[in-house]
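Participant: Sequence plus predicted model, see below.
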Amino acid sequence: MSRIGVFVCHCGENIGATVDCKKVAELSAGLHGVVHSVDYKYMCSDPGQTMIKDAIKEKKLDGIVVAACSPRMHEPTFRKAAQESGLNAFLCEMANLREHCSWVHLKDDSTTEKAFELIHMLVEKVKKNKPLFPIKVPVTKTALVLGGGIAGIQSALDIANSGHQVILVEKDPSIGGHMAQLSETFPTLDCSQCILTPRMVEVAQHPNIKLITYAELEAVEGFVGNFKVKIRQKAKSVDEKICNGCGDCTTKCPIKKIPDEFNAGMGYRAAIYVPFPQAVPNKPVIDRAHCTWYLKGGKCGLCEKVCPTGAINYQQEDEILTFEVGAIVAATGFDIKGTDFFPEYGYGKYKNVINGLQFERLASASGPTLGEMKRPSDGKTPETIVFIACAGSRDSAKGIDYCSKICCMYTAKHAMLYKHKVHSGKAYVFYMDIRAGGKNYEEFVRRAIEEDDVSYVRGRVSKIYERNGKLIVKGVDTLLNSMPMEIEADMVVLATAVVANHDSEQIAQKMHISYDAYHFFAEAHPKLKPVETNTAGIMLAGACQAPKDIPESVSQGSGAASKVSCLFSQDVLTREPLIAEVNRSAPPLYSTCVGCFLCQSVCPYMAIETEEIRMRDGSLIKEVARINPGLCQGCGTCVALCRSKSIDIHGYTHQQIFSEVVALFNRREEYETV
Amino acid sequence: MKKIKKSNFEKMVNSLLQSGSTIIAPVLKKGKHYFSRIESFDKISLDYCQTVLSPKAVYFPSTDSLMRYENEHNNVKIIEVEVPKNPVIVLGVKPCDAYALSYLSEFFLKENSDTYIQVRKENTTIVGFTCTHSDDKCFCTSLNINPFDTKGTDIHFTDIGEEYYVESITEKGNEIIKNFNTMFEDSQTIDKKEYSSNPPIKFDLEKIRLTDKFESSVWLDQSLLCLGCGACAYSCPTCSCFDIQDESNPYSGERLRCWDSCGFGLFTLHASGHNPRHDQSNRWRNRVFHKFEYSVKNLGIISCVGCGRCIRVCPGGMNISEHLAELATI
Amino acid sequence: MKQFEPKIIAFVCNWCTYAGADLAGTSRLKYAPNVRIVRFPCTGRIDYQLILKAFENGADGIIVSGCHPNDCHYTSGNFYARRRWIVFKSLIDFMGFDNRRMYFSWISAAEGAKFASFINEVTDSIRKLGPYTDYSNLRKIGVGSIGEEL
Amino acid sequence: MIKVGYFPGCSLHGTAIEYEESLRSVCAEFDIELVEINDWNCCGATAAHSLNHLLSIALPARSLALAESQEFTEILVPCAACYSRLLSAWADITQDSKIRSKVSDIIELPLLGTAKPISILEFISRYILPELKEKIKYPISQKVACYYGCLLVRPPNLVHYDRYEDPLIMEEFVKVLGGKPIEWGFKTECCGAGLSVTRTDLVGKLSGKILEDAVLRGAEAVIVACPMCQSNLDMRRKSINNYLGEKVDIPVMYITQAIGLAMGIEPRKLGTKKHFVSMDKFIGNFRLGQVEHSKAGEV
Amino acid sequence: MTVLARVSELLDSQQINLFIGYTQKGSICPLFLKESDQVDKLIFNEDCLQNLVPYLNKHEVQSFGKIGIFCTFSALRSLLQLKSEKRFSNLSIIPFLVISDDEFVEFGSYEEIESYIEKNFKKGDDNVQEMIDKINLMSTEEKWEFWTNELTGCIKCYACRSACPMCYCDKCSVEINNPQWVPTASHSQGNLEWHVMRAMHLAGRCVNCNECFRACPMDIPLNLLTSKINADMEVAFGQIPGTKLKLDYAMSCYKFDDKDNFIR
């Protein structure tokens, strides 16, 4: 038999004015299992709480219902009071008499009746409550940062500077990311590499940062505070410890005509290469897909011969490194659409139609033309250049509905850079809208239009075709008479859409984080949790979440780092125990879970794993679902999905909710007498 | 011995209906026959081989209320359930089903009389009919039951063309003849066999010796076809297993007696999780043993009447007469 | 005769509709006192069988409400719930349940006014329909009787 | 014999009769029978759809319903404008059961949407292309320009058999015929058909630009699959020449005519004489022997 | 090679320990073969409609380990759906789809089943759709009357559950008594709740084999319930149960723009 206490609060006049609290308390006293029922002016006040505590002790209550304000307001208060008097905090429930009753109804019998019913529902619920205990998980104070672009670099440095260990993993041979490829940055036009490279060096030298380049994420297991990650260190074929970075190998390598990724295909590199002169680490790797030694079974070997330190190691193999980390920052960056995505603009066959990143390399002093404006087909200086903004972005016909955000700004920058280099040249920009929200951004665009005389045309380009060595750009000017216009251009730059990396879906699946329809990683809440993911302990930084410019990426990198530091400030994590659990029953069933794992596909937190139930001799009896208490956030979607009702959620169990619902009714006649 | 013209038989039924008796008789629905309460004579369809379900629910409903209770603060008030006492006449009961009903009353009433069933039996008159249609699933004759037997009936009719040949078996039967004495005429004793169906004998009952076959592998082989539902038990005229269910809420509740089946895995499941009849073969063996061994030991009667219903309804194609024939050979 | 007052039960999620009801309270909006709220962590937790249970135990109307699409505290619980309701609705409509007694809505934590007017609207229309007994009466068919078919 | 439902529309019975002639001749070679939809009516390819959406669906939907009652699951609609109207109507009625029942009420016919319109290009790639190569007798060896116009591969959300910008499917056919399709940027440019009556001068400009580029790139013929395109590019030569200031004599033929010629079907069965701009030079050029051959056949 | 010869070969070479097929004994019923000596009793014709896959869920049958089985088209779909729900991990199953005595398809892998189903997909029974259409046209009250009448006949023998390939829970939720979700009694309410629950459990999983209807001793058209919601789901979500080897369960996925017309 339960021993339930009911405490009805008047909340001054707030409840008392419309609800007959005294009568409610009397009626409650008559409920089955209620052994104590009182009303009081202010339950949340010190004397009120003392009343509750004393009653718990004196009447040996095994559950209480506080009928007062919204549980969203004072549930912690009363749970704490219960806990302090020896009653498990989760044996306290609140009936919402104020927000849901007294404030919204007039003084009337029906209001009092409702108040009593609300209490009754919770009395029945609390009878089924079970003591619950907070979940504690230890924290490994090492962070993994995935991606060595500016967001990852910023994140790694901030975490390292707050005194924690960081493992920074980069898939390319050098950190730096896309920012290293940029010529100048908007809106200040300062040199991108000049501001980036010092930070890259800082990463390399930081005592708390372990830098692993040319490596990829293999697998993530575990949960917040206790991840186990596997990293595949791709074979560099060069022993980093021995290599002195002299560069003899790269100059001697006979295979030199490999399109250079760093130069966005505008230049060439050798099969053994350092991506760019300021690379960190500044040690070469062998590109096995192009190296003669690998393609022709051990021939060539020139680099090995010229290496003064004997660092070349053709036999090196991929290595799987395992680390235990407490948090992960995903900063895997973005990609941009190639020009071959646009049949109407020449589907990649016109050499002089290039994308924004290629233009960056053309404009960069360290690029293939050493910063001179030379068009790819014949190296001539383009006299007329057309920039097309929103190439793919905001175009549902192309399947990309979103705004790529950075294009308006970098297109203005490109036009400006072009005009600064080719004073006599004519630059056109076709745009839909100019989105220049940001500090000094609008001013920057105005400068391009007004000071640098860039012709901005509001309209879209329908077609580009080549004729007599010129690119005929057919567009429309929607502001001037909406007339079709044709420009004979020497070069066209498409501000192609920013898209997620081609492998972002796989990476997200490895990390068990969700991603949106465009394969950008999904944040936990679009407004209030823009840095966290749905998987506790995994944060996002930079353009892997959505298109972002440099300041935003850096801010988010720092934000992610601060989230990690907060996490690492505790030795043990404490979580509310309101999570789901798969039931256990007597053998030979062990659990009514039948192992269909349909629940796995519905869990937003990927918290459901496989548990093997085995005999003592190790033979498998059955596989059942197990909810990882570290990952479960307690939404209960799996609970309602499970056909055999093998999953239940603490705090909202089948029994509790069922009792609440059944308590409400079946008593229509009784009210006539109330 | 008596006889009654069919036209008079109709008048008699209508008169019984008018006098307030509940009449239950075979009725044709969606191509199959079911015992159902009738409101008029023309609903009756005696031209049938076998109803889908047996008439056992007349004594033993699929869900029976045993009592109700109400919570009054901290007291519990018990409310007894009254079994209706109005007269019930079950018409068109075949000898196999009548035989089964007599088994059921033995089972429920012999040692500890079950009030609910006692009351129903007292108020029920069983009007038997000689079986005229049988099919390849019928095997009553293999169990020494004749398709014209009168066991379990109160009054028995045999269709002899324009008239029914009538035998009164019990006092209730005499009562009917007395009440409608103008309609009944005296008759010679006839050989009912001429008017009845004659299902062939499918196996030699004497040769079925179960006692030493408890551990035989035959149970597994036979039960592979069984899907483990309760269709056989629920359609069986003699299956009498039940489960007690309390349906309740915080204010009141009701105690129900519901049909159960030994074919269900849950039937013998212990709270500990252990199930002494873990495999379907164990359950199938129990079913056969119950009918041909245990009920003989307990009540002296084989509790299978060869009606063939379980064969007809089985979704897995289990055929008890074939299985018994197989048992007779080993 | 006392006017019929319907009993309505509302299954709501903790983060949006429960909070929306709280906001209706803090805004002192007035609405009909016929609804009893049962709090769930998320609409994803709401079991369709509870709807049957509520009707079985005498509810005259049922409200199910949670966060608007894309607003779910758990990001996607309401999307799964929505699918479940679409399917459940198609089933019970097909079976001829009185669909005028079931209401589904999205009410956010900011929509206190929507909550209040929604409750009023639902209460009014269910009051007009009268008590719902079709479902709870089913309980009486087939107990202790010889039934329709034997 | 394969039977395919066939919606000719007004063009193929009128100004584009040679399109139908060539289509039927080619189909005969592939043992395909085109069965005209009984009592078909106008597709409504006017400005009507911008005035009353529902009626603009109902008009073509009637033909769809009739095709259904003849138990066709596919309807070949060679005219690109008809195709566009029929396909839009089909999409509307199959995606929205409410529209379907409304339209069904309007046309007073049962309507399920089981008959799907297919374009000439889909038709060729499904029924003709698989066995085309072995039937080629006289491969076209010239450069030709494949011109699609505005309707054939659009709108993108309904038409999926080719990309809507810079389509490639006709080029594939031409390559099988042995021809050399040119790379050009005018495949889906506007020919001006919508202004054909009101602003003939603009038609000259728009069509002129198309032909100018085709000629510039060395094409000896333009291959089309739309009666409107054909009539504009073929018939409006006067205004085209006016605009261009020179005389262009590049012939404009239907893809079905091109296929027929390459298969060695007699030109008269392909309606090649029914164009304003003579095709003789082109035919003569690509296979001198063919003409002799067909003459020999006539004897 | 005839299918019977192939079955013999598999049994003789112990590539399978059990073969589940059909035989004719008065009516058509399943046949379990452990040896090849009785293989000539196997038959397969258009009347062999029973889905034999539910037998594979029985632990007694599973203990044979390697099993050959005759499959109808919907039985193949049920196999695929069950596999996607992680069934049969310890079982090697060789399904056969028989077209005629000499013509049959033997499936070597689930991928083959998947591609066969994709290539040969056929819609469910027209009669079922006709009945559904008929009920759809009824008013709410008529529907209610139709279904309460039908379901009053239910005796809760659970033949529908036993015969359903997708019902394989160790403990059916109708057997949970704390709380008692579904009344076990076969009064009308208990019956209705049981069938609502069953239909919901088959939403996104039913392969239209109509086994529940075939098994029902009371001839209640239960298949209409599952067929109806799955047909609606196919239209709404575009997913068809039993066509994908990778789990594709409509109830555990969503689209941002799932259409509903009743949520306000």
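Facilitator: Arrived safely, thanks for sending.
Participant: What is the end-to-end distance of stretch C:34-50?
Facilitator: From its first residue to its last, stretch C:34-50 covers 19 Å (C-alpha to C-alpha, to the nearest Å).
Participant: residues of it that come out buried?
Facilitator: Neighbour counts over stretch C:34-50 (16 or more other C-beta atoms under 10 Å in any protein chain shown) mark C:34-50 as buried. The way it works is simple: take the backbone N, C-alpha and C, and place the C-beta from them, glycine included.
Participant: Checking my notes, C:F104 in a strand, right?
Facilitator: Yes: judged by DSSP: H, G, I helix; E, B strand; the rest coil, C:F104 forms part of a strand.
Participant: That one is in contact with C:V122, isn't it?
Facilitator: No: at 10.9 Å, C:F104 and C:V122 do not qualify as touching, with contact defined as C-beta atoms under 8 Å.
Participant: Now do the shared contacts for these two.
Facilitator: For the pair C:F104 and C:V122, residues contacting each of them under the criterion C-beta atoms under 8 Å, 6 or more residues apart in numbering or on different chains are C:I63.
Participant: Between the two, which is the more surrounded one?
Facilitator: Neighbour comparison, C:F104 and C:V122: the larger count goes to C:V122, with 25 against 21 (by other C-beta atoms under 10 Å in any protein chain shown).
Participant: Give me the contacts around stretch E:82-92.
Facilitator: The list of residues contacting stretch E:82-92 from outside it, by C-beta under 8 Å, 6+ apart, reads A:595-598, A:623, E:16, E:53, E:56-57, E:62, E:65-67, E:110, E:165-166, E:168, E:205, E:244-249.
Participant: what comes into contact with stretch A:416-425?
Facilitator: A:183-184, A:189, A:363, A:371-373, A:381-385, A:427, A:447-448, A:452-454.
Participant: List only those of the residues you listed flagged as buried.
Facilitator: For the contacts of stretch A:416-425, a burial check counting by 16+ other C-beta under 10 Å picks out A:183-184, A:363, A:371, A:373, A:381-382, A:384-385, A:427, A:447-448, A:452, A:454.
Participant: As JSON lines, the residues you listed with secondary structure would be great.
Facilitator: What follows is these, written out as JSON lines (three-state DSSP):
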{"residue": "A:S183", "secondary structure": "coil"}
{"residue": "A:E184", "secondary structure": "strand"}
{"residue": "A:A363", "secondary structure": "helix"}
{"residue": "A:G371", "secondary structure": "coil"}
{"residue": "A:M373", "secondary structure": "coil"}
{"residue": "A:T381", "secondary structure": "coil"}
{"residue": "A:P382", "secondary structure": "coil"}
{"residue": "A:T384", "secondary structure": "strand"}
{"residue": "A:I385", "secondary structure": "strand"}
{"residue": "A:A427", "secondary structure": "strand"}
{"residue": "A:R447", "secondary structure": "helix"}
{"residue": "A:A448", "secondary structure": "helix"}
{"residue": "A:D452", "secondary structure": "coil"}
{"residue": "A:V454", "secondary structure": "coil"}
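Participant: gap between the two ends of stretch E:179-191?
Facilitator: Across stretch E:179-191, the straight-line distance between its terminal residues is 17 Å, by C-alpha to C-alpha.
Participant: Next: stretch E:210-229.
Facilitator: Stretch E:210-229: ends 14 Å apart by C-alpha to C-alpha.
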